[in-house]
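1. sequence unknown, structure follows:
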Ligand code: DGL
């Protein structure tokens, strides 16, 4: 049974995997994390554009997935075109949910919380101009929030004050006190949405459910196993931190851990 392949720098893509598993509960899964390249958000465009298509090429050759999902905004906003050009299978990317955020905002001030690399992408400018032309679109990039999500999934306690401080990166900007919707433009951030909500109760949106529906559409008419099969988590580097993720991976049905 050919799997669905999810790809991220770390565990963030599991927020997208969770949405896909709600619609396709028995889909065989390979979840790939480029732990050797983590974090992506502080890398250059050139590094990501070189790294992501090469890794996906190796993963597709090894696992022959039916669909590859780049469950990472940073990689998608920079490298989706390169990946699609290089691979002969459907590739789904992650797009910052600016359109639904503009639809949901009453105050017409929305925040885009992503990695530093994502929030500076022209792709985000285009989404803001096309779908949120009458909104003030505030942006903030946080590498710390990515690390907090990784720590949470390793079962470590994180400091509630950190989430409030990170959100001031948006709320301290002009108009920020009126912001009512925040786009979680990094897949890691959905994993710490309860902590963000506790720090500041706003509407937090991501694109995970839309990606899940897209996967269903692309695989329409295909057969799936009758019952869930053990999934594989594959890392570009294994270290003690990987071992600490084992319980979280198991919650997503990822029982096997391997190295690319
Ligand atoms: N989860 C990724 C994203 O959606 C990247 C996090 C990182 O490695 O900086 O942007």
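-> Noted; the coordinates are in hand. What you see is a predicted model; the values in this text were computed from it and never measured.

2. contacting residues around the residue positioned nearest the centre of the chain?
-> By CA atoms, centre = their mean, the mean C-alpha position of the chain lies nearest to residue 187, the distance being 2.4 Å. Residues in contact with residue 187 (CB atoms under 8 Å, 6 or more residues apart in numbering) are 8, 12, 13, 14, 15, 16, 71, 72, 73, 94, 206, 208. Where C-beta positions appear, they are placed from N, C-alpha and C, glycine not excepted.

3. how much space separates it from the ligand?
-> From residue 187 over to the ligand the distance is 4 Å, taken as CB to the nearest ligand atom, to the nearest Å.

4. one more: residue 80?
-> Residue 80 sits 12 Å away from the ligand, going by CB to the nearest ligand atom.

5. looks like that residue contacts residue 70 (just checking).
-> Yes. Between residue 80 and residue 70 there is a contact at 6.2 Å, judged by CB atoms under 8 Å.

6. all strands for this protein, in order.
-> Using DSSP state E, the strands of the chain run over 4-8, 29-33, 67-70, 91-92, 109-114, 136-141, 181-185, 203-205, 231-235, 254-259.

7. circling back: between residue 80 and residue 70, which contacts overlap?
-> Once CB under 8 Å, 6+ apart is applied, the residues that residue 80 and residue 70 both contact turn out to be 91, 93.

8. against residue 144, how distant is the residue nearest to residue 141 when sequence neighbours are not counted?
-> Closest residue to residue 141 apart from its sequence neighbours, by CB to CB, 6 or more residues apart in numbering: residue 116 at 3.4 Å. Taking CB to CB, to the nearest Å as the measure, residue 116 falls 11 Å from residue 144.

9. the two: which is more packed in?
-> residue 116 (18 against 12; other CB atoms under 10 Å).

10. how near is the more buried one to residue 40?
-> Distance from residue 116 to residue 40, counting by CB to CB: 10 Å.

11. show me the contacts for the residue nearest to residue 141.
-> Applying CB under 8 Å, 6+ apart to residue 116 gives the contacts 41, 42, 141, 142, 143.

12. redo that, cut-off 10 Å
-> Listed by CB atoms under 10 Å, 6 or more residues apart in numbering, the contact set of residue 116 reads 39, 40, 41, 42, 43, 74, 139, 140, 141, 142, 143, 146.

13. likewise for residue 121?
-> Residue 121 is in contact with 45, 73, 74, 76, 77, 78, 96, 114, 115, 127, 185, counting by CB under 10 Å, 6+ apart.

14. ok, now residue 96?
-> Residue 96 neighbours (CB under 10 Å, 6+ apart): 73, 76-77, 112-114, 118-119, 121, 123-124, 127-128, 139, 183-186, 205-207.

15. quick check: ChimeraX command selecting the buried ones in the residues you listed.
-> Selecting the buried subset of those in ChimeraX, with 16 or more other CB atoms under 10 Å as the burial test, is done by:
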select :73,76,77,112,113,114,118,119,121,123,124,127,128,139,183,184,185,186,205,206,207
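
16. any idea of the pLDDT on the nearest residue to residue 253 once chain neighbours are set aside?
-> Closest residue to residue 253 apart from its sequence neighbours, by CB to CB, 6+ apart: residue 231 at 4.7 Å. On pLDDT, residue 231 comes in at 98.

17. check the offset of the helix-or-strand element of the chain with minimal mean pLDDT from the chain's centre.
-> Here the helix or strand of the chain ranked lowest by mean pLDDT, DSSP states H and E is helix 240-244, holding a mean of 92. Computed by CA atoms, centre = their mean, to the nearest Å, the separation of helix 240-244 from the middle of its chain amounts to 20 Å.
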